[in-house]
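# Turn this into a model:
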Amino acid sequence: MLQLRPGCECCDKDLPPESADALICSFECTFCRDCSDTLLKGVCPNCGGELVARPRRPVSKLTKFPPSAERVFNADCKALHEAHGDQR
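Have a look, this model is predicted:
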């Protein structure tokens, strides 16, 4: 079962379960569409895998199968944002 992590590992943007902006790799590393498109070029910085749209869990299943509350952060992304001129 997908963890449905709550935020982007790069910029920490909230990515609720219904978000169409959440992208994942095959290891469930989670990034927002903006970071994926502008910084990561569709490639996971953790494993090198492809980032694809994260499936959205039906609202009716969220109570029994809640999303993860654990936030994960990739420290290397701060350098990517700084190199891109973003102040995060």
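# Please identify the buried residues of the longest helix seen in the chain?
As assigned by DSSP state H, the longest helix anywhere in the chain is helix 76-83. Under the neighbour-count criterion of 16 or more other CB atoms under 10 Å, helix 76-83 has 77, 80-81 buried. To be clear about C-beta, it is placed using only N, CA and C from the backbone, and glycine gets the same treatment.
# Does anything pack onto that helix? Which helices or strands?
In terms of contacts (3 or more CB pairs under 8 Å, 6 or more residues apart in numbering; DSSP states H and E), helix 76-83 is not packed against any helix or strand.
# pLDDT on it, on average?
The pLDDT scores in helix 76-83 average 80.
# send the alpha carbons of stretch 79-88 over as CSV?
This file holds the C-alpha atoms of stretch 79-88, laid out as CSV (Å, rounded to 0.1, in the frame of the first residue of the first chain):
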residue,chain,number,x,y,z
ALA,A,79,21.6,23.1,-2.9
LEU,A,80,19.5,22.5,-6.0
HIS,A,81,17.1,25.3,-5.0
GLU,A,82,20.0,27.7,-4.2
ALA,A,83,21.7,26.9,-7.5
HIS,A,84,18.3,27.7,-9.2
GLY,A,85,18.0,31.0,-7.4
ASP,A,86,15.2,29.9,-5.0
GLN,A,87,15.4,31.0,-1.4
ARG,A,88,14.0,28.0,0.5
